[in-house]
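J.: Take a look and give me a structure for this.
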Amino acid sequence: LLRIWEYLQHQKWTLIIILVMVLVSTGFSLMGPYLFGLAIDTVIPEADITGLLRIAALLVAFKVGEGAIAYFQAITMATLSQKVVLEIRKDLFGNLQTLSLHYFDQHPHGELMSRLTNDVENVSRVLSESATQIISAVISLIGVAGMMFYINVPLAVVSLLVIPLMVMMTKYISKHTRQGYRDQQARLGDLNSIIEETISGQRAVQAYVQEEAVIKDFCQMNQKLRKASMYAQVYSGAMGPLNNLIMNTGDTIVAAVGGVLAVNGLATVGTIGSFVTYSRRLGMPLNQIAQVYNMIQSAIAGAERVFEVMDEKAELLDYDKAIPLEDVKGKVVFNDVDFSYE
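T.: Numbering: from 1, shown residues only. Presented below is the predicted three-dimensional model:
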């Protein structure tokens with residue numbers, strides 16, 4: 001993640017623009033529940049049609065503004081992610097050109113191609129789809145919590161009790177998903193290696209009647225990829241339903257506690273209505289953070305493989321003070337020279 005952040009820093013002004021858009025969009029979304037509760041407590045009891053229309057117009061304006069900002073935010077983030085991935089892909093391919101033949105003897109071509117394509121694409125997808133989501137979710141979480149404490153402190157405390165449960169669950173599942181995605185990317189690289197080598201050497205395969213052997217190798221590797229993918233996807237897929245279970249339980253507790261407070265005159269109906277809405281809004285960023293964190297595990301698995309190649313150093317380097325040879329003449333003589341493969 002720190003290595004990816006180094007590339008993102010080259011686009012700091014774009015990041016600032018995205019952050020401003022996220023802040024404004026989050027502010028628009030937070031006003032909805034507040035105006036909803038205000039309408040229930042003040043406008044509706046007084047039958048103030050003008051005030052009700054004014055609140056409705058504000059709600060529509062906030063929603064339109066939120067949607068417009070989200071559109072431009074998506075375009076800006078997609079542009080940013082493609083610029084970053086362009087640089088990563090260029091640096092990765094450039095470093096490959098400096099490595100010795102020994103490195104390519106030890107690494108199948110298809111596996112290296114998988115790092116250039118699938119692994120880099122994983123990083124690209126997470127940057128374009130998840131970066132703004134995680135920023136928006138964190139800001140929304142802080143904003144929703146602030147509004148809750150502003151409206152009613154006891155209900156706010158009850159609503160936030162679900163956060164420790166979700167943190168513990170996310171931490172447990174992420175351990176498995178990271179390992180699962182790491183194995184999945186490795187097995188995908190192995191499978192791509194078999195495909196690339198088989199297709200490029202198809203004449204040799206047919207000449208030596210090795211069709212059944214390569215099919216067997218392919219099927220074995222395909223099964224390993226399936227098992228690794230199943231492991232990653234099962235844990236990844238469990239995140240959403242478990243989060244929803246925790247958040248729905250939290251909503252029920254908030255409604256029950258709100259009812260008790262209302263009976264005792266410590267909360268109004270509008271306050272409870274706002275809180276139920278805010279409680280659901282609290283679940284959205286928490287769920288987003290959990291899901292995005294899960295996706296980040298996939299990006300980390302891909303990034304590890306990408307930067308592993310980028311960190312490789314050539315075994316043979318030019319001497320610092322080497323002089324370029326020009327107009328070479330004469331003959332080449334090999335004395336006491338040998339060569340072998342490991």
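J.: if you go through the stretch 51-200 of the chain in chain order, where are the helices?
T.: Taking DSSP state H, counting those that start in this stretch as the criterion, the stretch 51-200 of the chain carries its helices at 101-106, 109-114, 120-151, 153-159, 162-200.
J.: what packs against the fourth one?
T.: So the one you mean is helix 153-159. helix 120-151, helix 211-263, helix 269-310 (3 or more CB pairs under 8 Å, 6 or more residues apart in numbering; DSSP states H and E). (C-beta placed from N, C-alpha, C; glycine too.)
J.: Using PDB, list the CA coordinates for stretch 284-293.
T.: Coordinates of each C-alpha in stretch 284-293 appear next as PDB, following Å, rounded to 0.1, in the frame of the first residue of the first chain:
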ATOM      1  CA  MET A 284     -23.700   1.800   5.000                       C
ATOM      2  CA  PRO A 285     -20.200   3.200   5.500                       C
ATOM      3  CA  LEU A 286     -19.400   0.400   7.900                       C
ATOM      4  CA  ASN A 287     -20.500  -2.100   5.400                       C
ATOM      5  CA  GLN A 288     -18.500  -0.200   2.600                       C
ATOM      6  CA  ILE A 289     -15.400  -0.100   4.700                       C
ATOM      7  CA  ALA A 290     -15.600  -3.900   5.400                       C
ATOM      8  CA  GLN A 291     -16.300  -4.700   1.700                       C
ATOM      9  CA  VAL A 292     -13.600  -2.400   0.400                       C
ATOM     10  CA  TYR A 293     -11.100  -3.700   2.900                       C
END
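J.: Quick check: which of the helices of the stretch 51-200 of the chain is nearest to Ser25?
T.: Closest approach to Ser25 among those is made by helix 120-151 (7.0 Å; CB to CB).
J.: Give me the average confidence score over that closest one.
T.: Helix 120-151 comes out with an average pLDDT of 76.
J.: So for it, what gets flagged as buried?
T.: Across helix 120-151, burial judged by 16 or more other CB atoms under 10 Å covers 120, 122-128, 130-137, 139-141, 143-145, 147-148, 151.
J.: which other helices and strands contact that helix?
T.: Contacts defined by 3+ CB pairs under 8 Å, 6+ apart place helix 120-151 against helix 12-38, helix 49-96, helix 153-159, helix 269-310.
J.: Tell me which of these sits most buried.
T.: Neighbour counts (mean count of other CB atoms under 10 Å) averaged over each of the helices and strands packed on helix 120-151 peak at helix 269-310, with a mean of 21.
J.: angle of that helix against helix 211-263?
T.: Relative orientation of helix 269-310 versus helix 211-263 (axes from the mean of the first three to the mean of the last three CA atoms, to 10 degrees): 150 degrees.
J.: Counting by contacts, list what helix 269-310 packs against.
T.: So helix 269-310, by 3+ CB pairs under 8 Å, 6+ apart, packs with helix 2-8, helix 12-38, helix 49-96, helix 120-151, helix 153-159, helix 162-200, helix 211-263.
J.: and of those, who's closest to Lys313?
T.: For Lys313, the closest of the helices and strands packed on helix 269-310 is helix 49-96, at 9.0 Å, according to CB to CB.
J.: Report the distance from the closest one to the chain centre.
T.: Here helix 49-96 is found 16 Å from its chain centre; the criterion is CA atoms, centre = their mean, to the nearest Å.
J.: Taking helix 120-151 as reference, get the angle to it.
T.: Using the same axes, to 10 degrees: helix 49-96 against helix 120-151 is 150 degrees.
J.: tell me the mean pLDDT over helix 49-96?
T.: Throughout helix 49-96, pLDDT has a mean value of 83.
J.: For Ser298, give its distance to Asn122.
T.: Distance of Ser298 to Asn122, given as CB to CB, to the nearest Å: 5 Å.
J.: who touches both of these two?
T.: Gln185 (CB atoms under 8 Å, 6 or more residues apart in numbering).
J.: hmm, back to that, dump the helices and strands packed on helix 120-151 to TSV, plus distance to Ala232.
T.: Output for those, formatted as TSV (distance: least, CB to CB, whole Å):
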stretch	distance to Ala232
helix 12-38	29
helix 49-96	22
helix 153-159	32
helix 269-310	8
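J.: what about the ones you listed, which gets the closest to Ile246?
T.: Closest to Ile246 of the helices and strands packed on helix 120-151 is helix 269-310 (CB to CB; 8.3 Å).
J.: Counting neighbours, show which residues of stretch 244-261 come out buried.
T.: Quick answer for stretch 244-261 (16+ other CB under 10 Å): 246-247, 250-251, 253-254, 257-258, 261.
J.: now, which of those sits nearest Ile18?
T.: Using CB to CB, Met247 comes nearest to Ile18 of the buried residues of stretch 244-261, at 27.1 Å.
J.: Hmm, Gln288 and the closest one touching each other?
T.: No. Counting by CB atoms under 8 Å, Gln288 is not a contact partner of Met247; they are 11.8 Å apart.
J.: Below-threshold pLDDT in this protein: ranges please.
T.: 1, 37, 41, 43-45, 47-48, 129-131, 270, 283, 294, 341-342 (pLDDT under 70).
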